[in-house]
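S.K.: Here's a sequence, model it:
(2 chains)
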Amino acid sequence: MLSRRLFLKSTALIGCSAAAHPLLSPIAFASMPGDNRLVVIILRGAMDGLDVFQPYGDPSLRTLRKTLSTGPEGGAHDLDGFFALHPALAPLMPLWQAGELAFAPAVSTPYRDKRSHFDGQDMLEAGTGTDVEAMRLRDGWLNRLLQAMPGVQSETAYSVGLDDMRILDGAAPAKSWAPQTRFRLSAQGQRLLAHVWHDDPLFRPAGEQAIEIINDDLVRVDTDDGPTRDAQALARFTADRLNGETRIASFSISGWDSHARQGPVIDRALQRLGAAILTLRADLGANWRRTTVLAMTEFGRTVRENGTGGTDHGTGGAMLVAGGNIRGGRALGGWPGLAEGDLYAGRDLMPLRDIRAHAAWVMRDLFDIPRDVLERSVFPGLDLGDNPRILA
Amino acid sequence: MPAYPELAAIRLGYGLSPWADPPADPVAWVESVASAAPDGDAFSMARDYLPHRARYADLNRQGAQQDPAALQAVKDIMRDIGLRAPRIRVARAVGDGGFGERLVQFWADHFTVTAGNLFDSISAAAFVDEAIRPHLSGRFADLMVAAETHPRMIAYLDQALSVGPSSPAGKRGRGVNENLAREMIELHSLGAGSGYSQRDVRQLALLLTGLTFRPNRDATAFFNKNWAEPGAFQVLGKTYHRGEGQGAILQAIHDLADHLATARHIARKLAVHFVSDDPPDSLVKRLAQVFRDSGGDLPSLYLALAEAPELQDCFRQKVRQPFDYIVAALRACGIRPGNIMALDQPVFQNQLLSGMAGMGMRWGSPRGPDGWPEDAAAWVTAQGLAGRIDWAMRRLPKLRPDLPDPRDVLQTALGDTAPDTLRQAVPRAESPAEGLALILASPDFNRR
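M.R.: Here you go, the predicted model:
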């Protein structure tokens, strides 16, 4: 693997001479970026789209899932007579009703079959295809978007939070900031730790107590404002920047890897996602009308519930879109179905569209980026297809 | 079964790193110890301690209120010097194959002196650079003499004011302190329960009277004959006549170093530190034999250790102490000495020293002269493990914001020794940070 540090250095060098950059399009440096804003939230751990936007109208769902994703019967909120919104996202129902929330139920990156979180996230953030050369491209697509935008300054883009945000790495200037967040160990992280400690008579008991200490700490710290405190802090800072000169921001929310007892796992993660979006909406004030939020995850999960009340790594998944400037209240891009022959590799939801195409059209309409720049530079080799007209 | 360089890097060094191949064979490992000799950054009592200590004492004599700014200025200088010490230690440990730095750690812990206040911290750093590093590849007896007669040891074990009752000073009512004499026998040479008596300790303490140092005047031990108990002293069956100067004292230290029980004690301590909390008796016997046959030649001892089949037989029976753990983690993540030296001081302090304290190891502050505990159970506690996870997830990213891919780190850090459970678990972590934490919290990384 190409050394990341080395690569960043070399892109920075190339960046000194804008004309020499192979990805930089010859655009006249005109005005500042306009008034529109884009927030990309990376949902690390592979969100189960089938549980978030439950296709309860699909007759196969009930045979694939016994305890999960049971639609309005299980307390989910009906969206359009076919999909229902997971109960933990109930606070977002007013956005749905106001046309400020939409989702694409069956999308994915080109990543296939290996189902590794890290590679899946790398590809999602790099915005590349599967060809090897493109995978060597270690800068992120938001950064390449910046390279194609006129009037970009360092304040224009922000990565927020402690996570490494490759999506904004690259030659164009971008800032980063981390609030005082407590570290969290996801349910999956705790399970994996228990697994690697399991056979060690010393680490196993000490580890169990260590996890209790870590979780106790969280409870104590979070008593005042609940488990969504960190997500709110990220969103609050993001909104503050976007109310200033920043136009593009990205942060991540982890905790989606729900291999067992998915109920409480996804509940917590969705609460954080919901809180982040509501905080953005509240704190952005009038600027919410100019903002689009894309929440994307590295891949979907198996359509079948597994034996431990969870789901495993899959392929097609959902993207959530929110914003004061979108044509929401609808599902984007059709539904592949869950019947036996409709599945990918007999186990996963079939993606109907490349998630990058949705993102590209949003950027086209928000920032007036020419289609060929998006297809050549931001997402090299991508065919954008028809405009899904996500923005109002 | 891992290849020798990999095994040795984990057991004798500070683990594997992506940018340096470990030495190939036992001989090369022993040769690598030379790189832990004092370098241009070495601390010195004469340069880093005495002038500032003297100035501080002068200002206090004049009355501290007279010139608080000048007093503060001295304190600031001392603080800066003191903060450099752990940073250089970490950077040097991160830097090379690591056997030499591991041995610095081992011998500094064998001859424990604690840090503490500003002055103590600086003299403790000078102790390592003046007493330990120069004798790392020499004879044990020379190492022991250097350690016992260093001002920091003299101060720490209360030798500085020990006065013989029949000496000129003693006649004015001052007395002897047995602390250094006791630890010299019990901890530093023969070992507890090896057949010496309280009378031996007392006689050695009387012999040691007069060995002191003057905090504001001498960079090395000073022999004050007005404090020295006159006469002859019988320690472990041998008689020492006072004579002129420190000669009899140095001879007594040499004899302790060459004692049969010392060979066994040092052999066992080395085996416990490098091989197992409960090392095979055959290994201890073999090391002790080498110690005796070579007259306490340390490289011979290191070679016997580096060649020991027990390195393989008892693999992963030791738990890395927090300092070792942090250095091994930094190395596994590809961090270089220059990165450590370039960190902002608050970052080094908050992320590294505080992180280490969170695992139960406060820099330079073991509980007593017996140093840090060796047994695994002392370190694998709930709080200590929580501290390691916390460090891996929250503090390490502040030391290196562009974290490497956990799968690469797994391969780097554990190589062929990574168990399947970990190989399967790491790619299943949902974020790189958690993948890294998983490696750094695993028994296989924490053990060596």
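S.K.: make it CA atoms for all contacts and neighbour counts henceforth
M.R.: Fine.
S.K.: Residue ranges in chain A under the pLDDT threshold?
M.R.: A:1-32, A:132-137, A:162, A:178-184, A:216-226 (pLDDT under 70).
S.K.: Show me which residues of it are close to chain B?
M.R.: Within reach of chain B by Cα under 8 Å from any Cα of the partner chain, chain A has these residues: A:5, A:44-46, A:116-118, A:162-164, A:182-183, A:185, A:188-189, A:192-193, A:195-197, A:200, A:202-203, A:206-211, A:213-214, A:254-257.
S.K.: Tell me which of these fall in strands.
M.R.: Under the assignment DSSP state E, these contribute A:44, A:254 to strands.
S.K.: Filter the residues of chain A next to chain B down to the buried ones and hand me the ChimeraX line.
M.R.: Restricted to buried positions by 16 or more other Cα atoms under 10 Å in any protein chain shown, the ChimeraX selection for the residues of chain A next to chain B reads:
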select /A:44,45,46,116,117,118,162,163,164,182,183,185,188,189,192,193,195,196,197,202,203,206,207,208,209,210,211,213,214,254,255,256,257
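S.K.: So which residue is dead centre in chain B?
M.R.: Nearest residue to the geometric centre of chain B (Cα atoms, centre = their mean): residue B:108, 2.6 Å.
S.K.: give the contact list for the spatially most central residue of chain A.
M.R.: Centrality entry for chain A: nearest residue to the mean C-alpha point is residue A:296, 2.4 Å, by Cα atoms, centre = their mean. With Cα atoms under 8 Å, 6 or more residues apart in numbering or on different chains as the criterion, the residues that contact residue A:296 are A:40-43, A:318-320.
S.K.: Am I right that the residue nearest to the centre of chain B is in contact with residue B:128?
M.R.: Yes - between residue B:108 and residue B:128 there is a contact under Cα atoms under 8 Å: 6.4 Å.
S.K.: same for the longest helix seen in chain B, what does it pack against?
M.R.: Longest helix in chain B, counting residues (DSSP state H): helix B:68-95. For helix B:68-95, the packing partners by 3 or more Cα pairs under 8 Å, 6 or more residues apart in numbering or on different chains; DSSP states H and E come out as helix B:50-61, helix B:99-110, helix B:118-127, helix B:322-332, helix B:337-342.
S.K.: Let me see the mean pLDDT of the last one.
M.R.: When you say that, I think you mean helix B:337-342. Helix B:337-342 shows a mean pLDDT of 94.
S.K.: Tell me which residues are up against it.
M.R.: Applying Cα under 8 Å, 6+ apart, the external contacts of helix B:337-342 come out as B:87-88, B:90-92, B:94-95, B:348.
S.K.: One more pass at 10 Å, please.
M.R.: With Cα atoms under 10 Å, 6 or more residues apart in numbering or on different chains as the contact definition, helix B:337-342 has outside contacts at B:84, B:87-96, B:330-331, B:348, B:352, B:399-400.
S.K.: List the buried residues of it.
M.R.: Under 16+ other Cα under 10 Å, the buried positions of helix B:337-342 are B:337, B:340-341.
S.K.: Give me the next element, helix or strand, following that helix.
M.R.: helix B:345-347 (DSSP states H and E).
S.K.: unless I'm mixing things up, the residue nearest to the centre of chain B is touching residue B:115, no?
M.R.: No - counting by Cα atoms under 10 Å, residue B:108 stays clear of residue B:115, with 11.7 Å between them.
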